[in-house]
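Enquirer: Build me a model from this:
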Amino acid sequence: MNALQGIEGRVEWAERPNPTCAQGQIRIQVAAAGLNRADLLQVAGLYPPPPGASDIIGLECSGVVIEVGAGSTWQVGDRVCALLAGGGMAEEVVVDERHALPVPAGLSLAEAAALPEVYATAWLNLFMLGALQPGEKVLLHAGASGVGSAGIQLCKAFGSPCWVSVGSADRLAYCEALGAEGGALRGESLESLRDFAPFDVILDPVGANYAKLDLEILGRDGRWVVIGLMGGRKAELDLALLLGKRIQLIGSTLRSRDADFKARLIAELGQRVWPLLESGKLSPQLERTFPVHDAQSAFDALASNQVQGKVVVVIDESLS
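Expert: Numbering: from 1, shown residues only. A predicted model of the protein is given here:
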């Protein structure tokens, strides 16, 4: 089969061995794969896959089941999307059958490819780890990103007002259209976020640059969930605030979680989130698709920080 690989900072469509399908797994003929910042980091040599995971790029995909392991609940021909530790940007991928979900009714395979990673990340960090309750206030940094777009919609659907930090007025308008109450522009001053504080949960993919402010604008018993380090890895903090406000600082990654944990997470998505996608209360925010022969342009688009929502690479147009 052919697959997308990172070679010297660029992506290349090259031949790779077909993975084998064992009991408890399904083989998917890939239609499309969502692109995430982790993929950019992997291509740059900064985020290797966890032990045992495929080194092929791609943490989520959609497609059609073409082989099932013994005793599988899936059937050949089922349209699915899946959360992966790697391997999504290939003609075929083999995945733990528990990590797949049906394509929500009414959505295309390209749209479905934009769902698993961002909705799993948002649900895990806001609701499972952040223990978000209805009525609690949320701050989402990088609110116009794929995870941010999913997070805004989830907050609105489950009754928690949210605010964002973003890079431009257009992005703020985009977030408000999804349901955000308001926010601040990164290029001006994030100090205006104090006007909306205190927050109960902050979801932060930035890290060091925002750490001091995050600590100050969290309320008592607040949960501060750090999921990325786009703004650096080292910060000086006033730990007296952490103690005095009983703040929980939670570091979180999804890719390296074990298979059973991911299975529980996917099961929760299937029960709590997928019905909202099927009803139209939530939606994939698919901004652009790129054919796999132009995959480098997809990576460049995401790296430009001008994307609102998701970028998807189409692997097999005949399945869309």
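Enquirer: quick one, strands of the stretch 201-320 of the chain?
Expert: All strands of the stretch 201-320 of the chain, identified by DSSP state E, counting those that start in this stretch, fall at 218-226, 248-251, 286-291, 310-314.
Enquirer: Give me whichever of the ones you listed is most buried.
Expert: Ranked by average neighbour count under the criterion mean count of other CB atoms under 10 Å, these are headed by strand 310-314 at a mean of 26. For every residue, glycine as well, the C-beta is placed using N, CA and C.
Enquirer: which neighbours does that one have in its sheet, and in what orientation?
Expert: Strands that pair with strand 310-314, judged by DSSP bridges, come out as strand 25-35 (antiparallel), strand 286-291 (parallel).
Enquirer: List of residues touching that strand?
Expert: By CB atoms under 8 Å, 6 or more residues apart in numbering, the surrounding residues in contact with strand 310-314 are 4, 31-35, 89, 110, 113-114, 118, 146, 149, 284-292, 295, 298, 301-302, 320.
Enquirer: For the residue positioned nearest the centre of the chain, give its distance to Leu242.
Expert: Geometric centre of the chain, nearest residue: Val118, 2.3 Å, by CA atoms, centre = their mean. Plainly put, Val118 is 29 Å away from Leu242 if you go by CB to CB, to the nearest Å.
Enquirer: for Val312, same thing?
Expert: Distance from Val312 to Leu242, by CB to CB: 39 Å.
Enquirer: same deal with Ala90?
Expert: Taking CB to CB, one finds Ala90 at 44 Å from Leu242.
Enquirer: quick one, which of those two is more surrounded?
Expert: Shown here are Ala90 and Leu242; by other CB atoms under 10 Å, Ala90 has more neighbours (27 against 16).
Enquirer: Quick check: longest helix in this protein by residues?
Expert: Secondary structure of the chain per DSSP state H: the longest helix is helix 146-157.
Enquirer: How about residues contacting the following helix or strand past that one?
Expert: Where DSSP states H and E defines the elements, the next helix or strand beyond helix 146-157 is strand 162-166. Applying CB under 8 Å, 6+ apart, the contact partners of strand 162-166 are 137-144, 148, 151-152, 155-156, 172, 174-175, 179-186, 190, 193, 196, 199, 210.
Enquirer: Pipe the strands paired with strand 310-314 into JSON lines and attach mean pLDDT per row.
Expert: As requested, these are exported to JSON lines (pLDDT from 0 to 100):
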{"stretch": "strand 25-35", "mean pLDDT": "98"}
{"stretch": "strand 286-291", "mean pLDDT": "96"}
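Enquirer: Would you mind giving the ones you listed as a markdown table with distance to Gly71 added?
Expert: Shown next, in a markdown table, are those (distance: least, CB to CB, whole Å):
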| stretch | distance to Gly71 |
| --- | --- |
| strand 25-35 | 11 |
| strand 286-291 | 34 |
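Enquirer: of all these, which lies closest to Pro205?
Expert: Set against Pro205 and scored by CB to CB, the strands paired with strand 310-314 come closest in strand 25-35, at 15.5 Å.
Enquirer: Any idea how far whichever helix or strand comes after that closest one is from the middle of the chain?
Expert: Downstream of strand 25-35, the first helix or strand assigned by DSSP H and E is helix 37-43. Mean C-alpha position of helix 37-43 versus that of the full chain (CA atoms, centre = their mean, to the nearest Å) differs by 13 Å.
Enquirer: same deal with stretch 239-254?
Expert: Distance, centroid of stretch 239-254 to centroid of chain: 22 Å (CA atoms, centre = their mean).
Enquirer: Go ahead and produce PDB holding the CA coordinates of that stretch.
Expert: The C-alpha trace of stretch 239-254 is given here as PDB (Å, rounded to 0.1, in the frame of the first residue of the first chain):
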ATOM      1  CA  LEU A 239       2.400  28.400  43.800                       C
ATOM      2  CA  ALA A 240       0.700  30.300  46.600                       C
ATOM      3  CA  LEU A 241      -2.100  31.000  44.200                       C
ATOM      4  CA  LEU A 242      -2.300  27.400  43.200                       C
ATOM      5  CA  LEU A 243      -2.600  26.400  46.900                       C
ATOM      6  CA  GLY A 244      -4.800  29.200  48.000                       C
ATOM      7  CA  LYS A 245      -7.400  28.700  45.200                       C
ATOM      8  CA  ARG A 246      -7.100  24.900  45.400                       C
ATOM      9  CA  ILE A 247      -6.400  24.800  41.600                       C
ATOM     10  CA  GLN A 248      -5.800  21.400  39.900                       C
ATOM     11  CA  LEU A 249      -3.000  21.500  37.300                       C
ATOM     12  CA  ILE A 250      -3.500  18.600  34.900                       C
ATOM     13  CA  GLY A 251      -1.100  17.700  32.200                       C
ATOM     14  CA  SER A 252      -2.800  15.600  29.400                       C
ATOM     15  CA  THR A 253      -1.900  13.800  26.300                       C
ATOM     16  CA  LEU A 254      -4.100  11.400  24.300                       C
END
